[in-house]
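Participant: Sequence plus the predicted model coming up.
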Amino acid sequence: MMDKLRRALSGNDGEDEERGFVAQVVDSSSLGWGTRVKGFIACFVIGIILSVIGSVCLFFGSRGLVAFSVFYTTGNIIALVSTCFLMGPLNQCKKMFSPTRVVATVLVFVCLVLTLLSAFLWKKSGLALLFCIIQFLAMTWYSLSYIPYARDVVKKTVSTCMG
């Protein structure tokens, strides 16, 4: 009751859901907003660079396929971790495992692990490439879940093209 009164007197009488996204993010971390954005950009760019380096490795034959799998997977992990800077690790995990994203999240993690197992343990470069493709599709589906109605548009487009 006192917290509600304090919020009302301070001019913030709304609940957390009614507050702006940026305000919620800044309050949930000890890092300043500028530092969080810089951390996000740095990790995201490093992730993309590693994925591009991995793509270049595809031109080096069967050994390049293993390097591709490693660089591509590492790049995806770093790019995924970059979003923790924006909303904090705990909030990011809550969002990742929300009912609308849980299947895509689990599929992304399973493919990350299977890609690395294919490259190092099983030494099956074709399988590693297959898991990289599935990893890309799962990551795309996961990312689309953050854009309102994007998944519905993709589903409708694919069904129109197929039918």
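Facilitator: Okay, I see it.

Participant: could you check the distance from C111 over to R36?
Facilitator: 28 Å (CB to CB, to the nearest Å). Backbone N, C-alpha and C define where each C-beta goes, glycine included.

Participant: These two: who's more crowded?
Facilitator: A direct count of neighbours by other CB atoms under 10 Å for C111 and R36 places C111 higher, at 22 against 18.

Participant: ok, and the closest non-adjacent residue to the more buried one?
Facilitator: If the residues on either side of it in the chain are set aside, C111 comes closest to Q135, at 3.8 Å by CB to CB, 6 or more residues apart in numbering.

Participant: and the helix or strand hosting the one you found, what's its mean pLDDT?
Facilitator: Assessed by DSSP states H and E, Q135 sits inside helix 125-144. Helix 125-144 comes out with an average pLDDT of 91.

Participant: wait, what's in contact with L31?
Facilitator: Contact analysis of L31 by CB atoms under 8 Å, 6 or more residues apart in numbering lists G39, F85.

Participant: mind pulling up the phi and psi values for it?
Facilitator: phi -80, psi 140 (degrees, to the nearest 10).

Participant: what's the answer for R101, then?
Facilitator: Note on R101: its backbone torsions stand at phi -120, psi -10 [degrees, to the nearest 10].

Participant: Verify the stated contact: I77 with C111.
Facilitator: No. In this structure, I77 is not within contact of C111 by CB atoms under 8 Å, at 11.3 Å.

Participant: before we move on, back to that, next, the buried residues of the helix holding Q135.
Facilitator: By 16 or more other CB atoms under 10 Å, the buried positions in helix 125-144 come out as 125, 127-129, 131-132, 134-135, 138-139, 141-144.
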